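Undergrad: Provide a 3D model corresponding to the input given below.
(one chain, ligands or ions: 1)
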Amino acid sequence: MILKNLILDSGNYYTTDLNTKKKRFWDPNRSKICAGLKKGINMLPITTDSKVLYLGSAEGYTISYISDLADNGVVIGVDISPISTQKFYLLCKERNNLLPILASANEPDSYKHLIDFKVDLIIQDVAQKNQVEILKKNADVYLKEGGFVILSLKTTAISQGKTENIINKEVEKFGKDFNIVEKKRLDPFEKKHILIIGKKK
Ligand SMILES: C[S@@+](CC[C@H](N)C(=O)[O-])C[C@H]1O[C@@H](n2cnc3c(N)ncnc32)[C@H](O)[C@@H]1O
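TA: Modelled structure (predicted):
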C-alpha cells in the first residue's frame, strides 16, 4: 500500500506530521487502525484531500494520524464525551484540517447543520451495542455514493457471547449496506475487536 504521508520503517508505521513535517510514530496498541495495518490490512481508503467523518474521536489520538494522512482534506471528529471533546478541541486548534463536534453519533441529524457536504470516508470507533446501525445511519446522511467506511467493532460492547458468533452476525448486518473490502481481527493489539473496511453499495 502506498499512501502519501504513511511510512513503514522496520515493521513500524509512522506518518508525516501535518505541521512539523517530522516522522511521527503510530502506536498499534493505542490505535485500532494502526493495529489493522500491523495485522496486514492492504488498503486504507484515504487520500491527501479526503473528507473524513470520524465517529468516536475521543481525545484525538487516532484522528490526529488521519489528519496527517488527509493533510489537504477535512477531518471532522464527533464524540459524546464533553471532557474528551474539550481535549480534542485543543488539538483542533493546532491542526487546520480538524473540526470537533460534541454530539451523539446515534443522532446524525443533530449535527447536519454543521456538515453541509458529503464525505469520502466514515471511520467509526464507538463502543456501543448498535455499532453497525450507528454507522449505517451516518452513512445514509453523510457518505458519498461509492464512499468508504472503516468500522472498528468491539464485540464486548454488543454482548458477552462467543466473539466469533457476534462477529458473524455483525458482519452480516454490515454486508447489507456495504461491500466488504477487507476485515481483520486485531489480536494481540485489541482482543475481541475486528476492523472492517467497506464500500457503500
Ligand atoms: C474507544 S474510544 C475511541 C478512541 C479513538 N477512536 C482513538 O483511537 O483515539 C470510544 C469513544 O467513543 C465515544 N462514544 C461512545 N458512544 C458514543 C456516541 N453515541 N456518539 C459519539 N461518541 C461516542 C466515547 O466517548 C469514546 O471517546
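
Undergrad: please make it C-alpha for all contacts and neighbour counts, starting now.
TA: Will do.

Undergrad: find the centremost residue of the protein, please.
TA: The centroid of the chain falls nearest to residue 123 when counting by C-alpha atoms, centre = their mean (2.7 Å).

Undergrad: doesn't it fall inside a strand?
TA: Yes. Checked against DSSP: H, G, I helix; E, B strand; the rest coil, residue 123 lies within a strand.

Undergrad: wait, it sits on residue 54?
TA: Yes. When contacts are counted by C-alpha atoms under 8 Å, residue 123 is listed as touching residue 54 (4.7 Å).

Undergrad: need the longest strand for this structure.
TA: strand 143-154 (DSSP state E).

Undergrad: can you give me the helices for this structure?
TA: Chain-ordered helices for the chain, with DSSP state H as the definition, fall at 32-38, 61-69, 82-94, 131-142, 163-177.

Undergrad: now render these as a markdown table, adding mean neighbour count.
TA: Putting those into a markdown table (neighbours: other C-alpha atoms under 10 Å) gives the following:
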| stretch | mean neighbour count |
| --- | --- |
| helix 32-38 | 23 |
| helix 61-69 | 24 |
| helix 82-94 | 17 |
| helix 131-142 | 19 |
| helix 163-177 | 15 |
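
Undergrad: next, give phi and psi for residue 56.
TA: Phi and psi for residue 56, reported as degrees, to the nearest 10, are phi 90, psi 50.

Undergrad: check contacts around it.
TA: Residues in contact with residue 56, defined by C-alpha atoms under 8 Å, 6 or more residues apart in numbering, are 77-80, 105, 124-126.

Undergrad: neighbour-wise, which one of those leads?
TA: Neighbour counts for the contacts of residue 56 were taken using other C-alpha atoms under 10 Å; the highest belongs to residue 77, which has 28 neighbours.

Undergrad: quick check: the gap between that one and residue 61.
TA: Distance check for residue 77 against residue 61: by C-alpha to C-alpha, to the nearest Å, it reads 11 Å.

Undergrad: same deal with residue 108?
TA: As defined by C-alpha to C-alpha, residue 108 lies at a distance of 23 Å from residue 61.

Undergrad: likewise residue 84?
TA: Noted for residue 84: a distance of 11 Å to residue 61, by C-alpha to C-alpha.
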